[in-house]
Structures are given as structure tokens and as C-alpha cells.
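**Q** no sequence for this one, just the structure:
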């Protein structure tokens with residue numbers, strides 16, 4: 001579970017627990033190291049930027065976490081998937097596009113830019129859960145992402161939840177949006193729908 005650009009706070013930990021309740025072995029990933037958490041959007045931007053500039057760096061960090069979780073006795077190393085939120089969505093999509101050994105990758109309100117997919121490298125099936133009112137991801141970015149995935153015959157599902165903004169799955173998003181004047185808010189219906197879509201996706205690819 002790769003967090004939003006804020007870092008490894010309570011939200012991705014909660015998602016890891018929810019996955020554990022479904023019977024999965026789950027790990028919330030500390031992308032920044034030493035448990036660093038951003039206090040405001042400016043700090044978050046500074047911490048996330050190196051990973052946006054270098055998709056390989058993002059992949060390397062995620063693979064370190066994947067390799068660690070595979071060491072657990074309970075791990076089914078043949079059935080591994082990654083999910084990510086906002087910045088984390090970008091991380092898991094890029095890792096998949098750059099050839100990470102994943103059965104599946106799920107992006108929730110994630111950034112869709114980064115490395116172009118390669119037919120030779122992309123092994124994972126992809127689920128993108130996107131808010132229809134996301135001000136951070138433009139329509140042209142959505143179109144470009146779909147075109148690039150289609151061009152390599154990628155197995156992907158692109159779900160749009162009408163009226164949902166960026167960060168729509170995070171119950172704290174509404175308060176955070178008001179605090180920092182960001183166009184984000186929690187959307188309970190889209191949160192439930194996207195989680196159910198993820199469960200359906202995993203049931204199909206991991207069993």
C-alpha cells in the first residue's frame with residue numbers, strides 16, 4: 001500500500017489493515033524513509049518531486065518493500081499486487097509499467113504521468129480508480145494514459161466515479177482541503193465503489 005504524497009501516516013496503515021481483514025498479507029510502504037510525514041502541501045511536493053522526476057527511483061523503493069514482504073512466511077510470492085493513493089497511485093502504475101513482478105496494480109486517484117508502458121516489461125493487470133471531478137489530473141492526461149496503454153495492448157480497467165475529486169477515498173480529505181485550500185474532498189459513495197471494484201479485480205487476478 002503506497003501512501004499519498006503526505007507520507008506514511010494513519011491513512012495507508014488503515015488501508016493495510018482493511019486488506020488484512022480481507023485475508024491478504026499487507027504492508028504500508030514508507031517511500032520517504034524514517035517515517036517522515038509532510039506537514040503541508042509545499043513539504044509534500046518537495047518530498048514527492050524526486051520520485052516524479054525519476055520513475056526508476058520510485059520503482060526501486062517499491063521493490064525494496066515488495067522484497068521485504070515476500071520474506072514473510074505467510075506471503076504467497078506468486079500472487080503479489082500493489083495499490084496506491086494519489087502519489088502512491090503514480091508509484092504503483094510506474095512500477096508496473098517499468099516491469100515490476102506484480103500480478104496487479106491499483107491506482108486510487110493517482111497521477112497518470114511518468115514512464116511510458118512497454119509491451120516487453122508490463123506484466124501486471126491494471127485498475128485505475130479515477131475521480132470524475134479530479135482537478136489534479138487533466139482530461140488530456142487521462143486520454144494520453146489510455147492511448148499509451150492501448151498502444152501496447154495492456155490489460156487495464158479505467159473506472160471513473162462521477163463527481164469525485166482527487167483524494168476521494170480519504171475520510172480526512174475534506175478537512176485537509178479546507179485547511180490548505182485544495183480542491184479535494186471525501187466521497188463516501190466513490191470510496192465504497194472503488195474499494196469494491198478493487199476487491200472484484202483482486203478476486204479475478206489473484207486466485
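**A** Yep, that arrived. In this text, all values refer to a predicted model and were calculated from it rather than measured experimentally.
**Q** which helix in this protein runs the most residues?
**A** Assignment by DSSP state H gives helix 188-205 as the longest helix of the chain.
**Q** list the buried residues of that helix.
**A** For helix 188-205, the neighbour count (16 or more other CB atoms under 10 Å) marks 190, 191, 193, 194, 195, 197, 198, 201, 202, 205 as buried. Placement of C-beta: from N, CA and C, glycine included.
**Q** okay, the fourth one: pLDDT?
**A** Meaning residue 194. At residue 194, the predicted lDDT confidence score is 98.
**Q** wait, it sits on residue 160?
**A** No. Residue 194 is beyond contact range of residue 160, at 10.3 Å (criterion: CB atoms under 8 Å).
**Q** pull up the gap between the nearest residue to residue 135 once chain neighbours are set aside and residue 177, please.
**A** With CB to CB, 6 or more residues apart in numbering as the criterion, residue 135 has its nearest non-adjacent residue at 4.3 Å, and that residue is residue 183. Between residue 183 and residue 177 the computed distance is 7 Å (CB to CB, to the nearest Å).
**Q** which one of these two is surrounded by more residues?
**A** A count of neighbours by other CB atoms under 10 Å puts residue 177 above the other of residue 183 and residue 177, at 18 against 12.
**Q** element containing that one, please.
**A** Per DSSP states H and E: residue 177 is located in helix 173-180.
**Q** pull out the buried positions in that helix.
**A** Neighbour-count burial for helix 173-180 flags 173, 174, 176, 177 (criterion: 16+ other CB under 10 Å).
**Q** what sits closest to the last one if chain neighbours are left out?
**A** In this case it means residue 177. Once flanking residues are discounted, residue 177 sits nearest to residue 184: 4.2 Å by CB to CB, 6+ apart.
**Q** the one you found: what's it in contact with?
**A** Shown in contact with residue 184 (CB atoms under 8 Å, 6 or more residues apart in numbering): 165, 166, 167, 168, 170, 173, 174, 176, 177.
**Q** from those, which is closest to residue 5?
**A** If you rank the contacts of residue 184 by distance to residue 5 using CB to CB, residue 167 comes first, at 10.1 Å.
**Q** the chain: helices as residue ranges?
**A** Along the chain, counting by DSSP H, helices occupy 10-21, 41-53, 55-70, 87-97, 139-151, 173-180, 188-205.
**Q** now the angle from the second one to helix 55-70?
**A** Put simply, helix 41-53 runs at 90 degrees to helix 55-70, going by axes from the mean of the first three to the mean of the last three CA atoms, to 10 degrees.
**Q** run through who's touching helix 41-53.
**A** By CB under 8 Å, 6+ apart, helix 41-53 touches 4-7, 31-32, 36, 38, 57-58, 61, 87, 90-91, 111, 113-114, 180, 182.
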